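Asker: Quick one: sequence plus predicted model below, questions after.
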Amino acid sequence: MRKLVLVSVIVAGFVVIWLPLRKPAPHRMNLTTHFKNGSGLRAGAALRVDGVEAGSVDSVRVRPELGERPVEVHMTIATSYDLIIPNDSTVSLTTEGVLGPTLLDIDTRHAQGAPISNNGELKTRELTDAEAAQAMKQLNNAIVNIAKKPSPDEKSTGPTKPADSAGK
């Protein structure tokens, strides 16, 4: 009888200590999307939801039989909290900074659909040719403006007085 009580106390003590220390079960969801162009996207790339890291890319495959959007991307959302993604959210390719790696971003800001289910498919949002041209124009303007700014080493001297030739 004493052994049973002792074992019960030990088990209860273990449970009391273990429960607060355990990590919450992660919320996991597998999703798919299709792009016209993969733009250097790779398996393992970051997946963000409205700019917040929330998972990763599992695989990127080219499937010509899909026609207009042959790049198939499988991704996993893994968060420590329930993350409800509307089924009319869009996925876009973006980069980490100007020269960083390509990653995915799910935009839920204008979505109002029902929650997407596990193994669901989201639509993509890709730049049109006009949007790409506008982005290149803005980048070019930014580079020109940077080139026009004087460097910190250059000192502004302003107008100078002519030297007095009389030597007074």
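Answerer: Perfect, I can see it now.
Asker: ok, for the residue nearest the centre of the chain, nearest residue in space, not its chain neighbours?
Answerer: By Cα atoms, centre = their mean, the mean C-alpha position of the chain lies nearest to Arg48, the distance being 3.6 Å. Excluding its sequence neighbours, the residue lying closest to Arg48 (Cβ to Cβ, 6 or more residues apart in numbering) is Asp105, at 4.7 Å. No exception for glycine: its C-beta is placed from N, CA and C like everyone else's.
Asker: In a strand, that neighbour, correct?
Answerer: Yes: according to DSSP: H, G, I helix; E, B strand; the rest coil, Asp105 belongs to a strand.
Asker: surely it meets Ser92?
Answerer: Yes: applying Cβ atoms under 8 Å, one finds Asp105 in contact with Ser92, separated by 5.5 Å.
Asker: quick one: common contacting residues for the two?
Answerer: Listed as contacting both Asp105 and Ser92 by Cβ atoms under 8 Å, 6 or more residues apart in numbering is no residue at all.
Asker: of the two, who's got more company?
Answerer: More neighbours surround Asp105 than the other of Asp105 and Ser92, with 18 against 15 (other Cβ atoms under 10 Å).
Asker: got the contact list for that one?
Answerer: By Cβ under 8 Å, 6+ apart, the contact list for Asp105 reads 47-51, 91-94.
Asker: go again using 6 Å as the cut-off
Answerer: Asp105 makes contact with 48, 92, 94, according to Cβ atoms under 6 Å, 6 or more residues apart in numbering.
Asker: gap between the second one and Gly13?
Answerer: Same thing as Ser92. Between Ser92 and Gly13 the distance is 51 Å, computed by Cβ to Cβ, to the nearest Å.
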